[in-house]
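> Quick one: sequence plus predicted model below, questions after.
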Amino acid sequence: MWAKIGKFGALTLVAAAVPLARPVMAKVIGTNQPAQSLTRERIATLPVRERAAWLAYLTRSEATMRADRASLAAELRPGETPPPPPIAKGGGHRAAPLDRDAAWYASAEAKRIGDTIVSFQTPAGGWSKNQDRGGPARLRGQRYANDAETMVLDPTNFDAPVDRFWTFVGTIDNDATTHEMHYLGRLATALPGRDGDRYRASFVKGVRYLLVAQYPNGGWPQVYPLEGGFHDGITFNDNGVALVAMLLEDVGEDAGYRFVPADLRAKARTAVARATDVILRAQVRQNGRLTGWPQQVDALTLAPISARNYEPRSIASGETTDILMFLMRAPRPTPAVRAAIDAGVAWLQSVAVYDVAFTRTPEGRKLLPKPGAGPLWSRNYDLVTGKPIFGDKDKSIHDDVNGISEGRRNGYSWWMDVPKRAIAAYPAWQARVKG
């Protein structure tokens, strides 16, 4: 096998060493296992001193879901047929832009979008995902969330919800909740008078939601109130925890959010400190050495867990990047934070590959030789061997992306260049904190 040193100082495979055109060499190396829900039975296994806080959290979550459902039902008269649910729209949050000039957020169009966002806020204070924020406001009795992404009753599908008609009712997945709050914050700034009051109130309600949804150990589930399965895991996937922590950090520092009550700003600062602590505890060690972070970890044990059928337990390069970007924001990082950043960047450098591209072919996307290309990173790395791994819809885990089904290869970012952001930001961070 050939190898060379890349520009990040990493020992990386030359394209000729990657088993690309010989799929017979690809192997199935395991089967993905489902993540566990947060339950009373599992909480009972914790040390006695920890049980009360977790039981209170679970009880509050259950009560919150009942209240959310009751609130929706109360909007309809007895026997009245509810309106159809919202239509799913991937990337629908882009209809609520965050990059316009300040004057635009005082416009009628900006306020119309804000009104739609406020209308879809759940009674608990969060938002669902994949909805057109530029569309019409929620109708009376209309659900807060779309139908499930899969409406097929399939117990083998890790993503099958308990209730297909009540799912992701409050989530941080796909930038949900944090994006809506950032948009409302811009309206609040542009509309300092009475016209902005409803947007400020909605934002503050969102802050309370995020604080209540935070686990006793500092993490956040993907969905709150809890929905079960991998959704109960502390979710670094798609930048979930990092986006929440950064938003609350801005709230705590009065960064444009001085309308938030002082007691909530103080609680936001505490929440960020707790989130940082659980992030440090969740960093994966291999042979005693810190590496990167998983896509999600178990709420109670902080062990890496799976998500959907094709998302195995792993060290994840994209999520590691997101976490590093959050940690590098700290103005006065502790020695533990510095060590985590140094180790995380070093790990990303060590697994970068060159001279290959994840490109489209007549047989779907494949990893193929391309001299001069790179660096690239696999999305997932095995927790034991540290080598790239790839999941398929049937829960099989493979050692070669070219060996999984064409549909799954085309529908997921198995190889990416996102970690370049963290590596590029690292020298300036070093100069700031060590200079």
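Received it, and whenever you're ready, just let me know what you need.
> Which other helices and strands does the longest helix belonging to the chain contact?
Using DSSP state H to define each element, the chain has its longest helix at helix 48-74. The contact analysis (3 or more CB pairs under 8 Å, 6 or more residues apart in numbering; DSSP states H and E) places helix 48-74 against helix 40-43. For the C-beta atoms, the positions are set from N, CA and C on the backbone; glycine is no exception.
> and the helix it packs on, what does it pack onto?
Where contact means 3+ CB pairs under 8 Å, 6+ apart, helix 40-43 is packed against helix 48-74.
> Show me what counts as buried in the helix it packs on.
54, 57-58, 61, 64-65, 68, 72 (16 or more other CB atoms under 10 Å).
> Then stretch 80-96?
Applying 16+ other CB under 10 Å to stretch 80-96 flags 86, 88-89, 92-93, 95-96 as buried.
> With stretch 368-382 instead?
For stretch 368-382, by 16+ other CB under 10 Å, it's 368, 373-382.
> for those, which one is nearest residue 407?
residue 379 (16.6 Å; CB to CB).
> how close does the closest one sit to residue 31?
Counting by CB to CB, to the nearest Å, the gap from residue 379 to residue 31 is 19 Å.
> quick one: average pLDDT of stretch 283-292?
The pLDDT scores in stretch 283-292 average 97.
> what's next to it, contact-wise?
With contact meaning CB atoms under 8 Å, 6 or more residues apart in numbering, stretch 283-292 is reached by 293-294, 304, 315-317, 319-320, 339-340, 343-344, 347-348, 381, 383-384, 386.
> what do you get if the cut-off is 7 Å, keeping everything else the same?
293-294, 304, 315-317, 320, 339-340, 343-344, 347-348, 383, 386 (CB atoms under 7 Å, 6 or more residues apart in numbering).
> surely residue 164 meets residue 151?
Yes: between residue 164 and residue 151 there is a contact under CB atoms under 7 Å: 5.4 Å.
> How confident was the prediction at the closest residue to residue 57 other than its chain neighbours?
Spatially, and ignoring its direct neighbours in sequence, residue 57 is nearest to residue 216 (5.9 Å; CB to CB, 6 or more residues apart in numbering). As predicted, residue 216 sits at a pLDDT of 98.
> Report how many residues lie close to residue 216.
A count of neighbours around residue 216, defined by other CB atoms under 10 Å, yields 16.
> ditto for the one 5 residues further on
One way to gauge burial is a neighbour count; for residue 221, by other CB under 10 Å, it gives 27.
> next one: residue 422
24.
> what about it, distance to residue 327?
Distance from residue 422 to residue 327, by CB to CB: 10 Å.
> do residue 98 as well
Distance, residue 98 to residue 327, by CB to CB: 23 Å.
> before we move on, back to that, just checking, the residue nearest to residue 57 touches residue 54?
Yes: with contact defined as CB under 7 Å, residue 216 counts as touching residue 54 (5.8 Å).
> Spit out the contact partners of residue 51.
The neighbourhood of residue 51, defined by CB under 7 Å, 6+ apart, consists of 43-44.
> all strands in the stretch 301-435 of the chain, in order from the N-terminus.
315-316, 356-361, 364-369, 377-378, 380-381, 390-391, 396-398, 415-416 (DSSP state E, counting those that start in this stretch).
> same thing with the stretch 151-300 of the chain?
So, for the stretch 151-300 of the chain - with DSSP E, counting those that start in this stretch - the strands run 234-235, 285-286, 289-290, 296-297.
> I'd like to know which of those strands lies nearest to residue 270.
strand 234-235 (17.5 Å).
> Just read off the phi/psi values of the residue nearest to residue 204 when sequence neighbours are not counted.
Once flanking residues are discounted, residue 204 sits nearest to residue 260: 5.7 Å by CB to CB, 6+ apart. Dihedral angles of residue 260 (phi, psi; degrees, to the nearest 10) stand at phi -70, psi 130.
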